[in-house]
Each structure stands twice: as C-alpha cells, then as structure tokens.
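Engineer: below are the sequence and a predicted model for it; my questions follow.
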Amino acid sequence: MRTDQPRDLAALQAKYHCVVPHLEHLYGRKPFKPHDGMDELVSCILSQSTTDANRDRGFALLKQAFPTWEAVANASTPDVVETIRPAGLANQKAPRIQNALRKIFAEQGAYNIDFLADMSIEEAKTWLMSIDGVGPKTAAIVMCFAFNRPAFPVDTHIHRVSKRVGFLSDKTSADEAHPIMEAIVPPQAYYAFHLHLIRLGREICTARRAHCEQCPLTAHCHYYRSVYRISHESE
C-alpha cells in the first residue's frame, strides 16, 4: 500500500459507495464534458485566491482583449494586469500566465498542451507543476477536466466537505488530500464525484455553516454524528 493512503482505506472506500447514490439522487449523474486544456490551465491560474465569479470575469475579459494565446504571451505585462484585474491579484497572475504560455511555446512550438494526454498521469502532473504558480490542485484540474485522466482535484470546498464527512482527517492538508481521495474514489468516478462534492460544499456544507438538516449524507457523516447532532441534542 502507498504510504500516502490511509490505513482504513477499505472502510473509506465503503463510505464512498454509500454516499454516491445520495449525491446522484440530489444532483444527477455527471457525464464527462471535456474542457480545452489551455483554457483550463489559464482559468485555474486566474482562480487562485478569488471567487468563481471573479475568475470567470477575468477570463472572459482576457479572451476578449487578446485574440490568441500568442497575443497574451507577447503583450506588455501591465496591459495583461489591467485586463484581468477583476480576477484579483492581477500583479501576480499576469506574469504567471505569460510565463506559463512562454514555457509551453518554448518547449512545444505551439500554445497547446494536448501532448499531456500522451504522458503518464504522474509525468503530466510533474510537468504542469514545473510551471510557476501551478500546484497539485491546478495540475489535477487540468488533467481531469481537459483530458479525463485519473486525477482528483481538491479545492477548498472538497477539502472542507471531505474532512467533515470523514474521508480525510482534520490534520490532512489540501495537498496531502489529493492522493488520499484518489485512493478512495474509483478513477472513472473522479470527475463526477469532484463536481458533486463541490456543489454540496457550495450549497449545503458551506464554510460558514454545515446545513446538516438539508444534507442527504448525515447517516454517513462524521461531522453530523460528532458535532451537529450532539450540539442540537443539548439545546
């Protein structure tokens, strides 16, 4: 067994199979819908430390202002900064995006990362993380959403929900969570389960409050048994 896998892996895999039907009943099945690799990479860089709405605004403005990735790479950095300012941290993200584009072109002769589909998943992740500003989450998102490869992205919603439900320990960091979730969830289900947990985290198991009274997973949830139910029984 890999050292980054939990000792109670079989129990956690059983928990996964218990919660999936409830999430599919609540949110429906999620067939894979491929995203463009370059779009996904740049969008992920824009998403860092901001909301989805701000990321989407910044990405739309970037695509509107520059007709090609070559144009973005060759633009003056201050122009890119001003364009993506609605996404937040523009002074950091603009050079990161331009450096990523220049690295891709220097190594591939084109602004295209489709070559990652032919690499092993670990090689592809390693290559992506060689780009400044790209960590395990971004690498996993690109591989999962653009290429339907077996990578399970862990963002803040998934990290929080997975700890509350009991897939992860309280001490597990987001970066440490990636291989653990990949061990628990069947590879063919990474895409759908990722989307299900994100939606649960945005709508029900929110950062401000876990709305357990609305959640279909209470029978299988560590937080519900150990915190929510006990606190409400004492009221």
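Structural biologist: Noted; the coordinates are in hand.
Engineer: and the gap between the nearest residue to L128 once chain neighbours are set aside and E182?
Structural biologist: If the residues on either side of it in the chain are set aside, L128 comes closest to A139, at 4.0 Å by CB to CB, 6 or more residues apart in numbering. Any C-beta I mention is one placed from the backbone N, CA and C, and that applies to glycine too. As judged by CB to CB, to the nearest Å, A139 and E182 stand 12 Å apart.
Engineer: which residues do these two both contact?
Structural biologist: Among the neighbours of A139, those also in contact with E182 (CB atoms under 8 Å, 6 or more residues apart in numbering) are A151.
Engineer: can you tell me what sits against the helix or strand hosting K137?
Structural biologist: Take DSSP states H and E as the rule and K137 turns out to sit in helix 136-141. With contact meaning CB under 8 Å, 6+ apart, helix 136-141 is reached by 40-41, 44-45, 48, 124-125, 128-129, 151-155, 174-175, 178.
Engineer: quick one: classify the residue nearest to the spatial centre of the chain as helix, strand or coil.
Structural biologist: Residue closest to the mean C-alpha point of the chain, counted by CA atoms, centre = their mean, is P153 at 3.9 Å. Under DSSP: H, G, I helix; E, B strand; the rest coil, P153 falls in the coil class.
Engineer: M38 and A110 touch, don't they?
Structural biologist: No. The pair M38 / A110 is not scored as a contact, 9.9 Å apart, by CB atoms under 8 Å.
Engineer: list the residues that contact both of the two?
Structural biologist: In contact with both M38 and A110: I104, using CB under 8 Å, 6+ apart.
Engineer: and the two? which has more neighbours close in?
Structural biologist: M38 (19 against 13; other CB atoms under 10 Å).
Engineer: who's in contact with that one?
Structural biologist: 69, 104, 111-113 are the contacts of M38 under CB under 8 Å, 6+ apart.
Engineer: what's F32 sitting at in phi/psi?
Structural biologist: Note on F32: its backbone torsions stand at phi -70, psi 130 [degrees, to the nearest 10].
Engineer: for it, give me the pLDDT.
Structural biologist: Per-residue confidence (pLDDT) for F32: 93.
Engineer: so how many other residues sit close to it?
Structural biologist: 12.
Engineer: residue ranges of the helices in this protein, please?
Structural biologist: 9-27, 37-47, 52-65, 69-74, 77-83, 90-108, 121-129, 136-141, 147, 156-165, 174-184, 190-203, 222-223, 229-233 (DSSP state H).
Engineer: would you format those as TSV with mean pLDDT and distance to A210 included?
Structural biologist: Listed next are those as TSV, based on pLDDT from 0 to 100; distance: least, CB to CB, whole Å:
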stretch	mean pLDDT	distance to A210
helix 9-27	97	15
helix 37-47	96	24
helix 52-65	96	21
helix 69-74	98	40
helix 77-83	98	38
helix 90-108	97	32
helix 121-129	96	31
helix 136-141	94	22
helix 147	96	33
helix 156-165	96	6
helix 174-184	95	18
helix 190-203	97	10
helix 222-223	96	6
helix 229-233	68	11
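Engineer: want to throw those into CSV with distance to Q214?
Structural biologist: Output for the helices of the chain, formatted as CSV (distance: least, CB to CB, whole Å):
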stretch, distance to Q214
helix 9-27, 10
helix 37-47, 27
helix 52-65, 21
helix 69-74, 42
helix 77-83, 39
helix 90-108, 35
helix 121-129, 35
helix 136-141, 27
helix 147, 34
helix 156-165, 13
helix 174-184, 24
helix 190-203, 8
helix 222-223, 14
helix 229-233, 14
